[in-house]
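**Student:** sharing a model that was predicted from the sequence below.
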Amino acid sequence: MSNGDMYEKNHDEIDFEFLGNIRGKDWRIQTNIYGNGSTSVGREERYGLWFDPSEDFHQYSLLWTHNLIVFYVDNVPIREIKRAEAMGGDFPSKPMSLYATIWDGSDWATNGGKYRVNYKYAPFISEFSEFVLHGCSVDPTEHTTNNCENTPQPGASQPAGPTQNQRSKMSSFRNKYMQYSYCYDRSRYNTPPTECVVDPKEAERLRGFDPVTFGGGRRPRRGKRHHRSKSASSM
């Protein structure tokens, strides 16, 4: 979701992003938000998937209210973002449109450009089915979505967020599949951004997954070729 066409310098976004797949590796999906043009502060989280999203249809859902954003995969919540005072205007708040696109395999999504798009497989096609949108139409020049909260939706009640059962599933999902969260990235932040709610268990698991990014260590330097022993493994 985005409103970049109306607000070029202070746009909002809520993103589901499928990252480039490497054959034999699990697919990855990334979520991100921007508010008020805060593109210099990425709030990414990245997860593995337990299925190949190119083989069959799956349900991807977003709940966006004045104070809450929840991402769902097959009705399992995978991430919850609550409006926090520390975020200031970075919480998406202006009316947005929904769109889909196929990206060009940028460096950040292709292991530093190592696995670029192979255009011999073009054209690339995305298909959608059973699309459902609960919300309200607004004048795109309006600056808030508050009036939507008072607009009745025929046959639909506005969800308040994950149920207790869904929260249990979210915890299990994150414990098993989360691979990256900006809140734990010590290479970007010496201390977590003030909006972050740090879970010690998540922090410990991510440190085990990537001790450099999430442990605050430095990447080892490569020695000069003639100084490396035959048994030295390549990076």
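**Tutor:** Ah, there it is.

**Student:** immediately after the helix ranked longest in the chain, which helix or strand?
**Tutor:** Counting by DSSP state H, the longest helix found in the chain is helix 164-177. Using DSSP states H and E, the next helix or strand after helix 164-177 towards the C-terminus is strand 178-181.

**Student:** who's in contact with the helix or strand just after that next one?
**Tutor:** Next helix or strand after strand 178-181 toward the C-terminus (DSSP H and E): helix 200-209. Among residues not part of helix 200-209, those counted as contacts by C-beta atoms under 8 Å, 6 or more residues apart in numbering are 174-175, 178-181, 184, 213-215. For the C-beta atoms, the positions are set from N, CA and C on the backbone; glycine is no exception.

**Student:** highest neighbour count among those?
**Tutor:** Tallying neighbours with other C-beta atoms under 10 Å puts Tyr184 at the head of the contacts of helix 200-209, with 25 neighbours.

**Student:** who are the contact partners of that one?
**Tutor:** 192, 198, 202-203, 206-207, 214 are the contacts of Tyr184 under C-beta under 8 Å, 6+ apart.

**Student:** and the two most separated of the residues you listed?
**Tutor:** Pairwise distances across those peak at 13.5 Å for Pro192 and Arg207 (criterion: C-beta to C-beta).

**Student:** the residue nearest the centre of the chain: which element?
**Tutor:** When C-alpha atoms, centre = their mean is applied to the chain, the residue found nearest the centroid is Thr31 (0.9 Å). Secondary structure from DSSP H and E places Thr31 in strand 28-34.

**Student:** circling back to that earlier point, redo the contacts of helix 200-209 as JSON lines? Include distance to Val73 and pLDDT.
**Tutor:** Compiled in JSON lines, the contacts of helix 200-209 are given as follows (distance: C-beta to C-beta, whole Å; pLDDT from 0 to 100):
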{"residue": "Arg174", "distance to Val73": "12", "pLDDT": "95"}
{"residue": "Asn175", "distance to Val73": "15", "pLDDT": "94"}
{"residue": "Met178", "distance to Val73": "12", "pLDDT": "95"}
{"residue": "Gln179", "distance to Val73": "14", "pLDDT": "94"}
{"residue": "Tyr180", "distance to Val73": "16", "pLDDT": "95"}
{"residue": "Ser181", "distance to Val73": "16", "pLDDT": "96"}
{"residue": "Tyr184", "distance to Val73": "21", "pLDDT": "96"}
{"residue": "Thr213", "distance to Val73": "23", "pLDDT": "93"}
{"residue": "Phe214", "distance to Val73": "23", "pLDDT": "94"}
{"residue": "Gly215", "distance to Val73": "28", "pLDDT": "88"}
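
**Student:** out of the residues you listed, who's nearest Ser54?
**Tutor:** For the contacts of helix 200-209, the nearest to Ser54 is Gln179 (19.3 Å; C-beta to C-beta).

**Student:** lovely, talk soon.
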